[in-house]
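# dropping a prediction and its sequence here:
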Amino acid sequence: MTYWHVERSPEESCMKDYRPMPPRPEDWMRGPGDRAEVDRAAAEFEVEVRPASIMIEAASAYFEDVDLNPVPWDVAQEAINLGGFYLWVAASLGSRKAAFMLADRIRNHARSETLPEANADFYMNVAEEWDERAEGKADAPRPLRISGLRRRQDSAAAGGHVVIRSIGDPKSSEGGALARRLEGAVGVPLPVRGFIPPEGEIHSVLSREWPWAEHVARHLEDQISVRRVLGSGVHSLKPMLFVGPPGSGKTALAVKVAALLGLYSSVIPVGGASDAAGLAATTRGWSSSRPCGPVMAAVSGGCCDPAIIVDELDKTVSMDGRNGSAAGVLLGMLGNPDTFHDACLLTEVDLSRMLFMATANDLGSVPAPLLDRFSVFVVGRPKAEHFDVVLASMRRKYAAGVGVRAEFLPSFDADEYGALRESFVRNGCSLRQAARDFDYILSEAMKRVSVSAPAMC
C-alpha cells in the first residue's frame with residue numbers, strides 16, 4: 001500500500017518507491033472459487049494463502065485502517081479491495097465467518113448510490129450466495145451468474161465479448177448438464193477486464209522488479225503506446241514466449257505482465273504431460289469432462305480476456321504424439337482463435353480476446369510452426385548486482401503472504417545479509433534457491449529478534 005512506505009535499511013533502500021498492484025473490486029465481489037482458482041488469484045497479487053483466522057484478521061486490519069485513519073480516497077479503496085480479497089480467499093476455502101463478513105461488504109457496495117442498477121442487482125445476488133454458504137445451505141459454487149449483465153446485452157455488456165456461443169448437442173444429457181453448469185456464460189457477452197495502463201507504468205514496474213528483463217519492459221511499453229494512440233485493447237498484443245533457465249522468474253514475470261494489464265491470469269502447466277494436459281478440453285463420456293483451459297479461465301474469471309500462461313511449453317510431447325499434445329492444441333488456438341473447436345462443448349469458441357503467454361527453458365523442442373506465432377524474449381537469470389532487488393521482492397511477497405506490513409519483518413544483520421548474498425551468487429543467482437534461502441534466514445532472524453527485540457526494519 002502506498003501509505004506503508006518507510007525508510008528501509010541500506011540493503012533494502014530500493015523498496016521505498018515500491019507500489020504493489022492491488023486487487024480490484026471484481027477480484028473479491030464475486031462468487032466462490034475452488035482451490036485452484038484461489039491459488040491462481042493469490043499468485044497474481046503475491047498473497048500467500050494462510051489459515052482462515054489469519055486472513056480474516058488481516059482483512060479486519062485493512063478495514064480498521066480506513067475507518068480510523070484519515071487517508072486519501074485512492075489509498076482507502078486499495079485497502080478495502082485488499083481486505084475484501086483476503087475475505088474472498090478465506091470464504092472460498094470454507095470459512096463461514098469470512099463468508100458472512102464478505103456478504104456484508106458486498107451488500108454495502110451494492111447499495112452504493114453511484115452503482116448502476118444492473119450491477120447492483122448482480123452484486124446483491126452474489127452477497128445472497130455467500131450468505132447461503134455461511135448458513136450451510138450451499139455446499140458448492142453456483143453456476144456462473146451474470147444476471148445483472150443480461151439486462152445490458154444490447155450494449156454488448158459494456159464492451160464485452162461472447163466466448164461460448166452455444167452448446168453442441170444441447171438436448172443430450174451431457175449437453176444439458178453443460179448448459180446448466182455454464183449458465184450465464186453461453187451466448188452472453190463476458191466483460192472486458194484488461195485496460196491500457198498509464199504511460200510509463202509497465203516499464204517502471206518491470207524494470208524495477210525484473211531489471212534483468214528490461215527489454216521485455218521496453219517492448220511492452222512500445223506496444224501499449226501504439227494501442228493507446230489507436231484506441232485498441234490489450235487483446236491485440238502478439239503472444240509472448242519467455243525462454244530462459246530455471247530460476248529466472250519467467251512464470252512470475254508473465255503473471256506480473258497480466259496483472260499490469262488488468263487481466264485475470266490462468267497458469268496451465270504442461271511440462272512432462274503425456275497429452276494436452278489442462279490446455280485441451282476433456283471430451284464428453286468421461287466423468288471429468290470439461291471445456292478447454294482458456295474457456296474455463298474465462299468462466300472462472302468472469303471475463304472474455306483472461307491471460308493464458310502455458311508453463312514449460314518445451315517439456316510437452318511433440319505435436320504428433322499419440323494422445324495429442326499441448327503444443328498441437330496451442331497451435332490450433334493461436335491459428336484460429338475466433339473459431340477454435342472445443343471437443344467438450346462440441347462447438348466453436350472465441351478465444352480472440354485472450355492474451356497468450358508461454359514459458360520454456362530452451363527453444364530446441366518447441367515446434368517451428370508454433371514458435372512463429374510468438375514474440376520470443378530471452379529471460380536470463382539475474383546477476384549479482386541485482387541481489388538487492390531480488391531481496392526486496394522476496395520481502396514484499398512474504399509480508400503480503402502473511403498479511404503484515406513489510407516493515408514488521410525483522411531486518412537482517414550483516415552476517416545474515418552476507419550469507420544470503422553469498423549463496424545467491426554461488427548458486428548462479430537462481431531465484432528458486434534464493435527464495436528457499438530467504439525463508440530459512442528469515443526464520444533465524446525471527447528467533448533472534450524474539451530474544452533481543454532489536455529495531456524492526
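Thanks, I have the structure now.
# from here on, contacts and neighbour counts on C-alpha atoms
Will do.
# residue contacts, residue 89?
For residue 89, the contacting residues are 38, 49, 55, by C-alpha atoms under 8 Å, 6 or more residues apart in numbering.
# neighbours of the last one, how many?
If I follow you right, that is residue 55. For residue 55, the number of neighbouring residues by other C-alpha atoms under 10 Å comes to 25.
# would it count as being in a strand?
No. Going by DSSP: H, G, I helix; E, B strand; the rest coil, the assignment for residue 55 is helix, not a strand.
# what's near enough to touch it?
For residue 55, the set of contacting residues under the criterion of C-alpha under 8 Å, 6+ apart consists of 49, 86, 87, 89, 90, 403.
# using PDB, write out every CA atom in the strand or helix carrying residue 130.
Using DSSP states H and E, residue 130 sits in helix 117-134. Taking only C-alpha atoms (Å, rounded to 0.1, in the frame of the first residue of the first chain), the coordinates of helix 117-134 have been written out as PDB:
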ATOM      1  CA  GLU A 117     -28.900  -0.800 -11.100                       C
ATOM      2  CA  ALA A 118     -27.900  -3.800 -13.200                       C
ATOM      3  CA  ASN A 119     -24.600  -4.100 -11.400                       C
ATOM      4  CA  ALA A 120     -26.300  -3.600  -8.000                       C
ATOM      5  CA  ASP A 121     -28.700  -6.500  -8.800                       C
ATOM      6  CA  PHE A 122     -25.800  -8.800  -9.700                       C
ATOM      7  CA  TYR A 123     -23.800  -8.000  -6.500                       C
ATOM      8  CA  MET A 124     -26.900  -8.400  -4.300                       C
ATOM      9  CA  ASN A 125     -27.200 -11.900  -5.800                       C
ATOM     10  CA  VAL A 126     -23.500 -12.600  -5.000                       C
ATOM     11  CA  ALA A 127     -24.000 -11.500  -1.400                       C
ATOM     12  CA  GLU A 128     -27.000 -13.700  -1.100                       C
ATOM     13  CA  GLU A 129     -25.000 -16.700  -2.400                       C
ATOM     14  CA  TRP A 130     -22.300 -16.000   0.300                       C
ATOM     15  CA  ASP A 131     -25.000 -15.800   3.000                       C
ATOM     16  CA  GLU A 132     -26.300 -19.200   1.900                       C
ATOM     17  CA  ARG A 133     -22.800 -20.700   2.100                       C
ATOM     18  CA  ALA A 134     -22.200 -19.200   5.500                       C
END
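# and it, how far out from the chain's middle?
Using C-alpha atoms, centre = their mean, to the nearest Å, the mean C-alpha position of helix 117-134 is found 23 Å from that of the whole chain.
# same thing with stretch 218-230?
Counting by C-alpha atoms, centre = their mean, stretch 218-230 comes out at 22 Å from the chain centroid.
# residues in contact with residue 269?
With contacts defined as C-alpha under 8 Å, 6+ apart, residue 269 is in contact with 277, 278, 310, 311, 312.
# switch to 10 Å and redo it
277-279, 309-313, 315-316, 326, 358-359 (C-alpha atoms under 10 Å, 6 or more residues apart in numbering).
# check the gap between it and residue 310 for me.
As judged by C-alpha to C-alpha, to the nearest Å, residue 269 and residue 310 stand 6 Å apart.
# what sits in contact with each of these two?
278, 279, 326, 358, 359.
# next, format these as TSV and append distance to residue 195.
Supplementary listing: the shared contacts of residue 269 and residue 310 in TSV, determined by distance: C-alpha to C-alpha, whole Å:
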residue	distance to residue 195
278	27
279	25
326	29
358	21
359	23
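# what ranges does the chain have for its strands?
Using DSSP state E, the strands of the chain run over 240-243, 265-269, 307-311, 340-342, 347-349, 355-360, 375-378.
# can you count the residues close to residue 368?
Residue neighbour count, defined by other C-alpha under 10 Å, stands at 10 for residue 368.
# how about the contacts made by residue 27?
Listed by C-alpha under 10 Å, 6+ apart, the contact partners of residue 27 are 41, 81, 82, 84, 85, 88, 264, 301, 302.
# the first one contacts residue 258, correct?
No. Assessed by C-alpha atoms under 10 Å, residue 41 is found out of contact with residue 258, at 11.5 Å.
# find residues that contact each of these two.
Common neighbours of residue 41 and residue 258 (criterion: C-alpha under 10 Å, 6+ apart): 264, 265, 266.
# quick one: contacts for the closest residue in space to the last one that isn't next to it in sequence?
Of all residues beyond its chain neighbours, the one nearest residue 266 is residue 308 (5.2 Å), with distances taken as C-alpha to C-alpha, 6 or more residues apart in numbering. Residues in contact with residue 308 (C-alpha under 10 Å, 6+ apart) are 239, 254-255, 258, 263-268, 279, 293-295, 297-298, 354-358.
# state the distance from residue 308 to residue 257.
Distance check for residue 308 against residue 257: by C-alpha to C-alpha, it reads 11 Å.
# shared neighbours, the two?
In the contact map built from C-alpha under 10 Å, 6+ apart, the residues linked to both residue 308 and residue 257 are 263, 265, 357.
# quick one: which of those residues is most hemmed in?
Within those, residue 265 tops the neighbour count with 29 neighbours, counted by other C-alpha under 10 Å.
# confirm for me that that residue is in contact with residue 253.
No. Residue 265 is not in contact with residue 253 according to C-alpha under 10 Å; the separation is 11.9 Å.
# can you check which residues contact both of these two?
For the pair residue 265 and residue 253, residues contacting each of them under the criterion C-alpha under 10 Å, 6+ apart are residue 259.
# any idea which of the strands of the chain gets closest to residue 77?
If you check each of the strands of the chain against residue 77 by C-alpha to C-alpha, strand 265-269 wins as the nearest, at 22.2 Å.
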